[in-house]
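Novice: Below are the sequence and a predicted model for it; my questions follow.
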Amino acid sequence: MNIAYSTELICFLILSAVIVSGSLAVVLLENIVYSAFLLGGVFMAVAGLYLLLNASFVAAAQILVYVGAVNVLILFAIMLVNNKEKLKPIKGLRTRKLISGGVCGGLLILLLRVSITTKWNLPGPASIGEEATERIGEHLFTDYLLPFELASILLLMAMIGAIVLARRDVSIPKADINDLKNKKTLSDKKIPLLSENSIK
Amino acid sequence: MLENSIGPVSLQAYLIVAAFLFCTGVWGLINSRNAVRVLMSIELMLNAVNINLMSFSSYVDGSVIRGQVFSIFVITVAAAEAAVGLAILLSLYRNRVTIDMESFNLLKW
């Protein structure tokens, strides 16, 4: 076992330990802010696994999109809705958790059995390594062109949909618009996050 | 049984990590009462699927790497899903002043 092998093994062990413990902490911790930051850690560790698999482009995309966009979006959502509400206790919550834990454990055992006992077609063709980025570009513009264009339409739809859904219905009085003497911007209007009719 | 193919880490090791991540995500999806945590669990499950795609692409399909292209698409769809999901969550919070999943039972008869 030379030094490259042992380095790869140690990296894999550390990254998978971070993934396993981080995902458990994301699900189990009480404080949602800790969960959000640990979720960022899990995403970084998954990007590290992609680097071990010779996929530097996907690792960079993972860090840019997940850590840079999705995790920040989740933190924004926590900041906007964080009101430290006390959840009402529900009868039978503990049994529900135990039953679903049993179901998920069974699913885990099933998946482990499948992945270990199946005879995968190994070893496959040699990995192309650092050429992967060029090959992804070729795929995206030749045989995966239609999904690529559909993905761009999906992103546009998601952007417009998110704006429409999260928008507040704000009506500025006509007088304020025409009032050139003391120009008021939207931030001067003190618009509440919650509309009045929702607080009853 | 865990045969080595390229390096010291076998394909099955990646599959085991992905299976664990997926099951944690399913458990969190079922049991979370905070709606933001439900979205986080969905992201965990999508990441588990991505690990599977990437490891198969590297070990079984090393010369064509279709799995990497697919995981790019999965990342795109996950970003769109997170944006729309959090927008829905914000408008729900604006209408009901809570993020408890148990109180979103408007459609129950």
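Specialist: Received the coordinates, thanks. Numbering: from 1, shown residues only, chains lettered A, B, ... in the order given.
Novice: Show me what counts as buried in the longest helix seen in chain B.
Specialist: Counting by DSSP state H, the longest helix found in chain B is helix B:66-96. Buried residues in helix B:66-96, counting neighbours by 16 or more other CB atoms under 10 Å in any protein chain shown, are found at B:66-76, B:78-90, B:92-94. Backbone N, C-alpha and C define where each C-beta goes, glycine included.
Novice: which among those are in contact with chain A?
Specialist: Subset of these in contact with chain A: B:66, B:68-69, B:71-73, B:75-76, B:78-84, B:86-90, B:93-94, counting by CB under 8 Å from any CB of the partner chain.
Novice: ok, for residue 29, nearest residue in space, not its chain neighbours?
Specialist: I'll assume chain A. Nearest residue to residue A:29 in three dimensions, chain neighbours excluded: residue A:35, at 5.1 Å (CB to CB, 6 or more residues apart in numbering or on different chains).
Novice: look at chain B instead
Specialist: In this structure, residue B:29 finds its nearest non-sequential neighbour in residue B:41, 4.2 Å apart by CB to CB, 6+ apart.
Novice: How about the contacts made by that neighbour?
Specialist: Residues in contact with residue B:41 (CB atoms under 8 Å, 6 or more residues apart in numbering or on different chains) are A:26-27, B:24-29, B:32.
Novice: and what of residue A:20?
Specialist: Counting by CB under 8 Å, 6+ apart, residue A:20 makes contact with B:17, B:20-21, B:24.
Novice: what's the helix or strand of chain B with the lowest mean pLDDT packed up against?
Specialist: Least confident helix or strand of chain B, by mean pLDDT, DSSP states H and E, is helix B:66-96 with a mean of 91. Applying 3 or more CB pairs under 8 Å, 6 or more residues apart in numbering or on different chains; DSSP states H and E, we find helix B:66-96 packed against helix A:56-62, helix A:71-81, helix A:132-141, helix A:145-166, helix B:35-59.
Novice: and the angle from that helix to helix A:132-141?
Specialist: 70 degrees (axes from the mean of the first three to the mean of the last three CA atoms, to 10 degrees).
Novice: Output the helices and strands packed on helix B:66-96 in JSON lines; the columns should cover distance to residue A:6 and mean pLDDT.
Specialist: Shown next, in JSON lines, are the helices and strands packed on helix B:66-96 (distance: least, CB to CB, whole Å; pLDDT from 0 to 100):
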{"stretch": "helix A:56-62", "distance to residue A:6": "22", "mean pLDDT": "93"}
{"stretch": "helix A:71-81", "distance to residue A:6": "32", "mean pLDDT": "90"}
{"stretch": "helix A:132-141", "distance to residue A:6": "24", "mean pLDDT": "91"}
{"stretch": "helix A:145-166", "distance to residue A:6": "40", "mean pLDDT": "92"}
{"stretch": "helix B:35-59", "distance to residue A:6": "20", "mean pLDDT": "93"}
